[in-house]
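Q: Build me a model from this:
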Amino acid sequence: MARRASATLARVGLTAERPAARAASRKIPTARWRHLMTGRDERVSAQTGSTSERILPWVIPGLALADGVLHLSLDLILFRGRFFANTLSVLFLLDFLGYVVLTAAFVLSPRWLGSKRWLVNAAMILFVAIALVDWAARGGPNPRGLGYLSKVVEVLLVAALAAHLQILRRPAAAPYALQRRG
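A: Residues are numbered from 1 along each chain as shown. Reported below is the predicted structural model:
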């Protein structure tokens, strides 16, 4: 009798498994936020995403915001909150605002730009390059040791952005339904 009941349930698509066991056996990621950060379809199996593909969309905004806050703190420390005291204080403020805007664009680019989101990566790399060139043109100042720290964060950011660009250039994985089961 139990065998007949489970066969009937299986025919209509129901199983006698517990909900937790059924959810654990799924290979489809259930988190809704994954599509926002990675831009990949939720039907893509969890095995297709590499570690760097999952980590970089979180590391890049963190590094960018860290560098922006670092420049804002330099502005607060050196100029005591007078954001328009001179050219350098204005540049520190613009650097902070630029990182905030570019981070927001990076996080929202999978949804807004789709396959063209590499443009945000390129814009961020260009922004960092301009900041590095301007810092070197001013003689490489290192107030309170924060100048070199900022440049280390910027170099790490460019490396992460370059790695993310390589990931974006790879073709997308096939949807889960089309992958070979085995």
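
Q: and the longest helix along the chain, what's its mean pLDDT?
A: Counting residues, the longest helix found in the chain (DSSP state H) is helix 51-79. Helix 51-79 shows a mean pLDDT of 88 in the predicted model.

Q: Could you do stretch 120-136 as well?
A: If you average the pLDDT over stretch 120-136, you get 93.

Q: quick one: buried residues of the helix or strand just after the longest helix of the chain?
A: Using DSSP states H and E, the helix or strand that follows helix 51-79 towards the C-terminus is helix 87-112. Going by neighbour count (16 or more other Cβ atoms under 10 Å), the buried part of helix 87-112 is 88-89, 91-93, 95-96, 98-99, 102-103, 105-107, 109-110. C-betas here are computed from N, CA, C, even on glycine.

Q: ditto for stretch 129-137
A: Quick answer for stretch 129-137 (16+ other Cβ under 10 Å): 131, 132, 135.

Q: Also stretch 58-69?
A: Buried, per 16+ other Cβ under 10 Å, within stretch 58-69: 59, 60, 61, 63, 64, 66, 67, 68.

Q: Farthest-apart pair in those residues, please.
A: 59 and 68 (14.9 Å; Cβ to Cβ).

Q: can you tell me the distance between the two ends of stretch 135-146?
A: Stretch 135-146 has an end-to-end distance of 12 Å (criterion: Cα to Cα, to the nearest Å).

Q: Now for residue 165: which residues touch it?
A: 118, 121, 122 (Cβ atoms under 8 Å, 6 or more residues apart in numbering).

Q: swap in residue 52?
A: Taking Cβ under 8 Å, 6+ apart as the test, what residue 52 contacts is 163, 167.

Q: Near residue 118, how many residues? Count them for me, please.
A: Other residues near residue 118 come to 15 when the count uses other Cβ atoms under 10 Å.

Q: quick one: least confident helix or strand in this protein?
A: The helix or strand of the chain with the lowest confidence, counting by mean pLDDT, DSSP states H and E, is helix 19-25 at a mean of 51.

Q: Work out for me the element residue 165 sits within.
A: Short version, using DSSP H and E: residue 165 is in helix 146-169.

Q: Buried ones in that helix, by neighbour count?
A: For helix 146-169, the neighbour count (16+ other Cβ under 10 Å) marks 146-147, 150-151, 153-154, 157-158, 160-161, 163-164, 168 as buried.
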